[in-house]
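Novice: Generate coordinates for the sequence data below:
(2 chains)
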Amino acid sequence: MDASTRVGASNAEKGISSGARKRRTSWTPAWVPYAQAAPLALVFFLFFILPLVATFVVSFWNYTEYSIEPAFVLSNYQDVFYGCFSGSPALCTTFATYLSTLKFVAIVWVATLLIGFTVAYFLAFHIRTLPMQIALFMVCTIPFWTSNVIRMISWIPLLGRNGLVNEMLTSIGLVDAPIEWLLYSDFAVALALVHLYTLFMVVPIFNSMMRIDRSLIEAAYDAGASGWQTLTNVIIPLVKPGILIGSIFVVTIVTGDYLTIGIMGGQQIASVGKTIQTQINFLQFPIAAANAIVLLAVVLLTIWGMLRLVDIRKEL
Amino acid sequence: MPNQAADLELAAVTKAYGETVAVDAVSLKIPAGTYCCLLGPSGCGKSSTLRMIAGHEFISDGDVMIGDTVVNDLPPAKRGTAMMFQNYALFPHLSVRENVAFSLKMAGVGKTERLRRADELLDLVDMTKYGGRLPSQLSGGQQQRVALARALVTNPTVLLLDEPLSALDPFLRIRMRAELKRYQREFGISFIHVTHSQEEAMALADMVVVMNDGRIEQVGSPREVFNAPKTTFVAKFMGGHNVVPEGGRKYAVRADRLKLAAPASAGAADTATVTDVEYQGMTVHVAMTRRDGTELLATLPESEFDRAPVKVGDEVHVAWQPSDRHELAA
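Specialist: So this is what the prediction gives:
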């Protein structure tokens, strides 16, 4: 009889069945992981889930010029899409606003992707030492050491009618009169957004690039691939998840942005966020909530669509 | 296979990184169809040498010739070499077939043609049924075969292998070792294989190049290198040798040529104290220190050891035939 059966037998004699005996699987008490996750879960619940649910509920409430009443009406959503499905050739306000936002999303996405990819490529493949990579990476984050608003306002002395750019252009005689579209224009909005959010592209793409085994690049070179072929056949396919994560950041942030569009557009360019803000200022919470829910749905749909393009789980 | 084998020649090839010289004027001629192992400890310059042949490292000085061409300034794909990387470097996003077809795709070969050719190579390495898989779905040995197929798809004249077996577990290593040798015979081209394992080099090579400190210590067949090491370094690195100073010169004596006996008289010069006894199965290793301080190792067949067993602390008489010792140059 070997040792284990002997133990089993003696346990049986004492009336303890070895099958039912609970075995320790960890030194940590079972409640500890829950306690560790609790603070963030609580913050998420109180400041994310709860307000979201509240917004959703309020979006069905009724309101007049002087009151807000709990109810279940769809009139807010009807108001959001007022005139959108009437068949008239002119776009309704909501669609026009979303179209304008979509235009910025497209411009900013393309610009941040090109710039972000290039910067990440330079950092990952041309800088050979890690300390230098970290140093240059820090340089990329310097704009983030100041607040969003300050960074935007700093564009004004540069791009304004009598700003540095216009003064330089007129002084060297390139233009006769100051260029008007530099500030408070689509151009200014796109410029500021690209400036603000390129880093959100750089970080995930750089991260993906750093995971690429350098011998793969060498193997491609060994197989006769040119630099461009290596880029399109090896590097881009392997950094797709990074591109996707960066794109999600940029697209969602730009879709919901109203501060940049407001300031850089001189409060003349429509955005969904701006609409919501105006409605809140007039205390029209229910329709603001309905607009917010529609915006959320649009953003979630966009993310869902993007996730279908690339299997992100491989990367995480 | 329309592989045309070619001779490879290194003429005073040097690699310097600033002040440090990784490879110091190495000259070597590898005839076509040779299995050549570059053997040495890490940092000896064997990998740099291989990478200069491959074209992944620029040559600081000297020439590399393949066939009649000086290839110093040619990119890897134009040299007729192909490299198999240490961790195989298979493209993780491409299927096995696409991996094998990669260099053909880069050369602009059409899809049907390159996949047909890839299938031929996969058939050759017995991997046809895995063609649709991703590299991560293969075992280490299978990955190696795919890497081999990928390297051979362009009909190279020389195949360069950088520590190809080091990523495998010991059992698989011996099996894949045999396969490498078989493929080299079948293709008839030169394989240049970098390794730090003398056992691997002896099992595979027609020609062993022992390197140390950026220089070649000795070139020869495994038997020549093992039985007649030229330098202390080679004798020690190949293992199984005692380096014995005698009359101001150094000699190498194989560990299995040492004879142990009971000491004739206590305190004689050829008496040694046993410091360790290791049972190895078929043999027993007896480590000793001679009276003059020389460390000695005797490898005795188990039966011979059993006839006169010794234990740690015993005094023994050590001897060898004069014909078994071999003078070292350095």
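Novice: Pick out the residue nearest the middle of chain A.
Specialist: Ranked by distance to the mean C-alpha position of chain A (C-alpha atoms, centre = their mean), the top residue is A:Phe249 at 2.1 Å.
Novice: Now do that one against A:Trp109, distance only.
Specialist: Separation of A:Phe249 from A:Trp109 (C-beta to C-beta, to the nearest Å): 10 Å. For every residue, glycine as well, the C-beta is placed using N, CA and C.
Novice: before we move on, what about B:Asn242?
Specialist: B:Asn242 is 71 Å from A:Trp109, by C-beta to C-beta.
Novice: burial measure for the closest residue in space to A:Gln229 that isn't next to it in sequence, as a count.
Specialist: Excluding the flanking residues, the one nearest A:Gln229 by C-beta to C-beta, 6 or more residues apart in numbering or on different chains is B:Met106, at 5.5 Å. With neighbours defined by other C-beta atoms under 10 Å in any protein chain shown, the count for B:Met106 comes to 20.
Novice: Verify the stated contact: B:Met106 with A:Gly224.
Specialist: Yes: contact status for B:Met106 versus A:Gly224: in contact at 4.6 Å, counting by C-beta atoms under 8 Å.
Novice: Could you list the contact residues of the stretch 201-316 of chain A toward chain B?
Specialist: Those residues of the stretch 201-316 of chain A that sit near chain B, judged by C-beta under 8 Å from any C-beta of the partner chain, are A:213, A:215-216, A:218-226, A:229, A:233-234, A:237-238.
Novice: redo that, cut-off 10 Å
Specialist: Counting by C-beta under 10 Å from any C-beta of the partner chain, the residues of the stretch 201-316 of chain A close to chain B are A:212-226, A:229-230, A:233-234, A:236-238, A:240, A:314.
Novice: list residues touching both of A:Phe249 and A:Trp109?
Specialist: Here A:Phe249 and A:Trp109 have A:197, A:201 as joint contacts, going by C-beta atoms under 10 Å, 6 or more residues apart in numbering or on different chains.
Novice: if we can go back for a sec, buried only: go through the residues of the stretch 201-316 of chain A next to chain B for me.
Specialist: Buried subset of these (neighbour count, 16 or more other C-beta atoms under 10 Å in any protein chain shown): A:212, A:215-225, A:229-230, A:233-234, A:238, A:240.
Novice: So what's the residue count around A:Met132?
Specialist: Counted with other C-beta under 10 Å, A:Met132 comes out at 11.
Novice: Could you tell me how far it is located from A:Met138?
Specialist: 11 Å.
Novice: for A:Thr28, same thing?
Specialist: A:Thr28 is 37 Å from A:Met138, by C-beta to C-beta.
Novice: Any idea which residue of chain B lies closest to chain A?
Specialist: B:Ala77 (3.0 Å; C-beta to the nearest C-beta).
Novice: Go ahead and confirm that residue touches A:Gly224.
Specialist: Yes: if you go by C-beta atoms under 10 Å, B:Ala77 and A:Gly224 touch, sitting 3.0 Å apart.
Novice: Need the residues touching each of those two.
Specialist: Counting by C-beta under 10 Å, 6+ apart, the residues touching both B:Ala77 and A:Gly224 are B:103, B:106-107, B:154.
Novice: End to end on stretch B:82-95, go ahead and measure it.
Specialist: From its first residue to its last, stretch B:82-95 covers 20 Å (C-alpha to C-alpha, to the nearest Å).
Novice: Can that stretch be said to contact chain A?
Specialist: Yes: using C-beta under 10 Å from any C-beta, a contact is recorded between stretch B:82-95 and chain A, made by B:82-94.
Novice: hang on, the earlier thing: so which of the buried ones among the residues of the stretch 201-316 of chain A next to chain B are in strands?
Specialist: Members of these lying in strands (criterion: DSSP state E): none.
Novice: Inside helices: which ones of those?
Specialist: Within these, residues falling in helices by DSSP state H are A:215-222, A:229-230, A:238, A:240.
Novice: And the strands in chain A?
Specialist: With DSSP E, the ranges of strands along chain A come out as A:62-63, A:68-69.
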